[in-house]
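Student: What follows is a predicted structure for the sequence shown.
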Amino acid sequence: MGSLDEKNIPQSTSNIIGEFKPLDVEEFRRQAHRMVDFIADYYNNIESYPVLSQVEPGYLRNGQPPTAPNRPEEFETILSDVHKDILPGMTHWLSPNFFAFFPATVSSAAFVGEMLCTCFNSVGFNWLASPAATELEMVVMDWLGNMLKLPKSFMFGGSGGGVIQGTTSEAILCTLIAARDRALGIIGYDNVGKLVVYGSDQTHSTYEKACKLAGIFPCNIRIIPTSHDTNFSLSPVALRGVIESDVAAGLVPLFLCATVGTTSTNAVDPVSRLSDVAGEHNIWVHVDAAYGGSACICPEFRHHLDGIERVDSLSLSPHKWLLTYLDCCCLWVREPGSLVKALSTYPEYLRNKRSDHEAVVDYKDWQLGTSRRFRSLRLWLVLRTYGVANLQTHIRSDVRLAKMFEGLVGSDPRFEIVAPRVFSLVCFRLKGSEILNMKLLECVNSTGRAYMSHTIAGGVYMLRFAVGATLTEDHHVATAWKLIQDSADALLANQ
């Protein structure tokens, strides 16, 4: 076989693009300014777009050429196609009329922080690869920990520490692996089939997936039912009964995932009482506070973390409620050594004297992958630009709007509140059948003027109205309620 050299390159391509400079500073400046204008205009006009995308499957794929362009295209042409092709297929999570799932909050401070993160393109797998990336992450994790009044056992200033993961899924999987290896080191690795994990039927679905990835046998994943009587929180009595049954059967209780602010209804599991039960069997307790945890920077909500000093790990996601953009999930662990022992690798090409002497934190050993972005810049800019007081005001404003919506629902006898409002999620329904409520949700969402989601808890189909988009104000909530009422009028008139 002949080798590839210059003679093999087709001559017809020699003058297509001239000198290729993928990072021309002045061209970058021009395009970046143009893109900032585009983004600012998008935010300014976001209410003009349907919140829920109205396109059909295949709308984009079927309209695109089958191959990438051979010749370079003009930036303005590409930006025009964003308008024409991309925006119609977007569900606008940043719309002030987005009330589905949980919010994905943003801010100008986080945006410029992301610009810096992208600018440096740091691949901070260990301290030496980027000392600033490592140490700033340690700083902001302790800052946020102090805002939450976490015990020193979770802080770098104490015996613990924190790391920024991408999502809660990663945080749970990392702690599961650490708990698994800690337990198997005691009972023997051939006993992995005896390990049992626990959660409730309100625990996020990612938990069950993480358990399977960590090698837990599906038959050993205990999903404990909740009920309206306990506001859909996990009962310590029910947990103890399941654990004792497993122990009697010769199984080994391993891990409990408690939740502060479940996805379905915002239920809060009793962390302290669950820790009592788990402590009797040396069970690793993880608290998933992805959404609700952010509210605990406010003194009036901090009690939801009572007992946190007794758990092994805690995670929350500032991208949900602390204005930080995706992706940013903060994980604190009380014993970093267990995490590092389970996840560390040390190939020769990464060896260095600082790591050899364990004088530094190498975050590659605190996560699933090796490479990592400089995510802490975003959180650092948010905390410094707004300060704790403004972030507390932001949380309280969303809760106030949720209370406002709750009051509006309560004022209409055709509707009912189905689960207690804890933070800024209101679970409600139109009195009547499940089909009626399904039609109501479809009617509201199909208008493009608002977007809600649903859930089923305790066998009851309910609508979820989650307040928290950065741009949402009082009049958006009032207008959404009027839309819900009008939709209900139309449905009831046709019955």
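Tutor: Yep, it's here. Predicted, not measured: the structure shown is a model, and the values here were computed from it. Numbers count the residues shown, from 1 in each chain.
Student: secondary structure element for Val382?
Tutor: Per DSSP states H and E: Val382 is located in helix 376-410.
Student: residue ranges of the helices in the stretch 301-450 of the chain, please?
Tutor: Secondary structure of the stretch 301-450 of the chain (DSSP state H, counting those that start in this stretch): helices located at 318-321, 336-343, 353-356, 376-410, 434-446.
Student: Pull the residues that contact the last one.
Tutor: Outside of helix 434-446, the residues within contact range by C-beta atoms under 8 Å, 6 or more residues apart in numbering are 51-52, 429-430, 450-454, 461-463, 483-484, 487-488, 490-491, 495. For glycine as for every other residue, the C-beta is placed from the backbone atoms N, C-alpha and C.
Student: Look at Thr370 and say how many residues are nearby.
Tutor: Neighbour count for Thr370, taken as other C-beta atoms under 10 Å: 15.
Student: give me every residue that touches it.
Tutor: Shown in contact with Thr370 (C-beta under 8 Å, 6+ apart): Phe125, Thr345, Lys364.
Student: can you rerun that using 6 Å?
Tutor: Thr370 makes contacts with Phe125, Lys364, as judged by C-beta atoms under 6 Å, 6 or more residues apart in numbering.
Student: Name the residues of the helix holding Val382 that are buried.
Tutor: Across helix 376-410, burial judged by 16 or more other C-beta atoms under 10 Å covers 376-383, 386, 391-392, 394-395, 397-399, 401-402, 405-406, 408-409.
Student: pLDDT below threshold where in the chain?
Tutor: Applying pLDDT under 70 to the chain flags the ranges 1-18.
Student: How is it divided into domains?
Tutor: For the chain, automatic domain parsing gives the domain ranges 6-48+54-89, 123-372.
Student: Asp474: which of these is closest?
Tutor: Checking the domains of the chain against Asp474 by C-beta to C-beta gives domain 6-48+54-89 as the closest, at 14.7 Å.
Student: residues near the residue lying closest to Gln202 once chain neighbours are set aside, how many?
Tutor: Leaving aside its chain neighbours, Gln202 sits nearest to Thr262 (4.1 Å; criterion: C-beta to C-beta, 6 or more residues apart in numbering). Thr262: 29 surrounding residues under other C-beta under 10 Å.
Student: try the one 5 residues further on
Tutor: Taking other C-beta under 10 Å as the criterion, the count of residues near Ala267 is 25.
Student: That one and Gly458, how far apart?
Tutor: Distance of Ala267 to Gly458, given as C-beta to C-beta, to the nearest Å: 11 Å.
Student: before we move on, back to that, save the domains of the chain as CSV, and put in distance to Arg421 too.
Tutor: Below are these laid out as CSV (distance: least, C-beta to C-beta, whole Å):
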stretch, distance to Arg421
domain 6-48+54-89, 26
domain 123-372, 7
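Student: I'd like to know which of those lies nearest to Ile417.
Tutor: Counting by C-beta to C-beta, Ile417 lies closest to domain 123-372 out of those; the figure is 10.8 Å.
Student: how far out from the middle of the chain is that closest one?
Tutor: Counting by C-alpha atoms, centre = their mean, to the nearest Å, domain 123-372 is centred 14 Å from the centre of its parent chain.
Student: Ramachandran coordinates for Ser411?
Tutor: Main-chain dihedrals, Ser411, degrees, to the nearest 10: phi -80, psi -10.
Student: Quick check: it vs Met404, distance?
Tutor: 11 Å.
Student: gap between the closest residue to Gln392 other than its chain neighbours and Asn146?
Tutor: Counting by C-beta to C-beta, 6+ apart, Cys298 is the residue found nearest to Gln392 once chain neighbours are left out, at 5.0 Å. For Cys298, the distance to Asn146 under the criterion C-beta to C-beta works out to 14 Å.
Student: more neighbours, those two?
Tutor: Taking other C-beta under 10 Å, Cys298 and Asn146 do not tie; Cys298 has more neighbours (17 against 14).
Student: Any buried residues in the strand or helix carrying Val242, and which?
Tutor: Using DSSP H and E, Val242 sits within helix 236-248. For helix 236-248, a neighbour-count test (16+ other C-beta under 10 Å) marks Pro236, Ala238, Leu239, Arg240, Val242, Ile243, Asp246 as buried.
Student: Check which element follows that helix along the chain.
Tutor: Defined by DSSP H and E, the subsequent element after helix 236-248 is strand 252-259.
Student: Run through who's touching that following strand.
Tutor: 176, 179, 183, 194-199, 203, 207, 243, 246, 269, 271, 274, 278, 281, 283-288.
Student: can you state the direction angle for the helix or strand just after it and helix 236-248?
Tutor: Once strand 252-259 ends, the next helix or strand along the chain (criterion: DSSP H and E) is helix 271-279. Per axes from the mean of the first three to the mean of the last three C-alpha atoms, to 10 degrees, the angle that helix 271-279 makes with helix 236-248 is 10 degrees.
Student: tell me what helix 271-279 is packed against?
Tutor: helix 236-248, strand 252-259, strand 284-288 (3 or more C-beta pairs under 6 Å, 6 or more residues apart in numbering; DSSP states H and E).
Student: Kindly provide the distance from Glu442 to Asn45.
Tutor: According to C-beta to C-beta, Glu442 and Asn45 sit 26 Å apart.
Student: typo on my end, it should be Gln31
Tutor: With the distance defined as C-beta to C-beta, Gln31 ends up 21 Å from Asn45.
Student: neighbour count winner among those two?
Tutor: Legend: neighbour count by other C-beta under 10 Å for Gln31 and Asn45, higher for Gln31 (15 against 9).
Student: residues contacting the more buried one?
Tutor: Here Gln31 is in contact with Phe75 (C-beta under 6 Å, 6+ apart).
Student: With Gly369 instead?
Tutor: Gly369 neighbours (C-beta under 6 Å, 6+ apart): none.
Student: Look up phi and psi at it.
Tutor: phi -90, psi -170.
Student: ok, now Asn191?
Tutor: phi -110, psi 20.
Student: Number of residues surrounding it?
Tutor: By other C-beta under 10 Å, the residues close to Asn191 number 14.
Student: Same question for Gly293.
Tutor: Counted with other C-beta under 10 Å, Gly293 comes out at 28.
Student: Please consider this matter closed, and thank you.
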